[in-house]
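Q: Need a 3D model of the sequence below.
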Amino acid sequence: MRLALYQPDIPQNTGTIMRLAACMNVPVDVIGPPGFDLSDRALKRAALDYLPYVDLTRHVSWEEFLEKRASTEGIGRLVLLSARGDHPYTEFRFARDDTLLLGRETAGVPDSVRAVADASVRIPMRSDLRSLNIAVAAAMVLGEALRQTGLFPS
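A: Numbering: from 1, shown residues only. Prediction:
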């Protein structure tokens, strides 16, 4: 199980997601270009003292991310979290090798990225509201994926 952040916009959300990933022992891919400084110093400020515990891989671009995925043996599905997802996350069957992909806070992902995803999931919510905070959404869906796959840290 992995988390992948597509061109994140808000350092505080990225830091919160990295803290979640550290605590849940889940690697994180940050796909650039980000909307903020992604240096170790900036990440340390966003992720506080959890950064040393994050298995972090930085990718300069979406294309580089895809190239690295293609060269990785036994890579799992790319599952997009989206307000326009095809399946409620509570009804989706997650696999141990899935990568959960989160889009930009301000714009989600472009259609070209959506087209590459093997599946897309959404969080059921009130129809008159737009979306949840990305870090909250990541925690909800990752929690269900870890529960289903038995990958919660012991």
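Q: For the residue lying farthest from the centre of the chain, which residues are in contact?
A: Distance from the C-alpha centroid of the chain peaks at D128, with 24.8 Å (C-alpha atoms, centre = their mean). Shown in contact with D128 (C-beta atoms under 8 Å, 6 or more residues apart in numbering): no residues. For glycine as for every other residue, the C-beta is placed from the backbone atoms N, C-alpha and C.
Q: I'd like the secondary structure assignment at it, please.
A: coil (DSSP: H, G, I helix; E, B strand; the rest coil).
Q: so what pLDDT did it get?
A: On pLDDT, D128 comes in at 94.
Q: ok, it to A145 distance?
A: 28 Å (C-beta to C-beta, to the nearest Å).
Q: Check S61 too.
A: On the measure of C-beta to C-beta, S61 and A145 end up 26 Å apart.
Q: Kindly report the same for R114.
A: In terms of C-beta to C-beta, R114 sits 19 Å off from A145.
Q: Who has more neighbours out of these two?
A: More neighbours surround A145 than the other of R114 and A145, with 24 against 16 (other C-beta atoms under 10 Å).
Q: Please identify which helix or strand holds that one.
A: Assessed by DSSP states H and E, A145 sits inside helix 134-149.
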